[in-house]
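This is a predicted model, with the sequence first.
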Amino acid sequence: MKANNITTSTTTTASTAKALQTLYFTRTAFSVIWVTLIAIYAKTSPQIAAILLVIYPAWDVVGTLLDIRANKNSGDSLKPQYINLAISIAVTFAVGFALTISVPTAIIVFGIWASLTGIIQLVLGLRRKRELGGQWPMILSGGQSTLAGITFIAMAHNPTMGIVNLAGYSAFGAFYYLLAALRLSKSARTANKLAE
């Protein structure tokens, strides 16, 4: 009976690692596309850049829902993901509203969101590290997101700060998601071997 429980646990770990790996690759691809579009349109089309700014937290809503689905059988509390989901939904609307006031206001909202979600990502990375391993890129990303958000808030009214400056934040996020996806492939392989 104990062997069956171990096999079930390692199978669940392997499937969670595989689902997260797919999600991380998807988030990497999204971030690369978003950064590219921001680089193209931030200075030439403020309207498209504004739409892209709203799309970013909206995409995080989708990514968080996929994260919840990937972890539904892991046995871990999904409370951090649900908190992140609520924050990202609120921020999607808040960024849209803030853009009607000014770009600096939208950047402040974006900065608050980056800090809050960075803290949540940091907590999730530390918690998942015990079970899945391969989470140090997510831990680093969470810490960097928190610091970046504080920087966005502090510099929002600087005349050199604009939507294009947020592209670096997303580019680093893509890099960390890619590293985490590659690292999780090892965790998935190890769990699959143990389940056999």
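Perfect, I can see it now.

Name all residues that make contact with the spatially most central residue of the chain.
Most central in the chain under Cα atoms, centre = their mean is D60, positioned 6.4 Å from the mean C-alpha point. By Cβ atoms under 8 Å, 6 or more residues apart in numbering, D60 lies in contact with 84, 88, 117. Where C-beta positions appear, they are placed from N, C-alpha and C, glycine not excepted.

Which among those residues count as buried?
Buried members of the contacts of D60, counted by 16 or more other Cβ atoms under 10 Å: 84, 88, 117.

Reformat those into a markdown table and put pLDDT and distance to S77 next to each item.
Output for the buried ones among the contacts of D60, formatted as a markdown table (pLDDT from 0 to 100; distance: Cβ to Cβ, whole Å):
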| residue | pLDDT | distance to S77 |
| --- | --- | --- |
| N84 | 89 | 13 |
| S88 | 93 | 18 |
| T117 | 89 | 17 |
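
Considering the residues you listed, which is situated nearest to R127?
N84 (13.2 Å; Cβ to Cβ).

roughly how far apart are the closest one and T26?
17 Å (Cβ to Cβ, to the nearest Å).

returning to what we had before: check which helix or strand covers the residue nearest to the centre of the chain.
Per DSSP states H and E, D60 falls inside helix 46-70.

need the contacts of D60 in TSV with distance to I163 and secondary structure, can you?
Formatted as TSV, these follow (distance: Cβ to Cβ, whole Å; DSSP: H, G, I helix; E, B strand; the rest coil):
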residue	distance to I163	secondary structure
N84	23	helix
S88	18	helix
T117	18	helix
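
ok, of the residues you listed, which one's closest to A14?
N84 (24.5 Å).

mind listing what the nearest residue to A39 once chain neighbours are set aside touches?
In space, and not counting its chain neighbours, A39 is closest to A167: 6.0 Å by Cβ to Cβ, 6 or more residues apart in numbering. Residues near A167 by Cβ under 8 Å, 6+ apart: 34-35, 38-39, 42.
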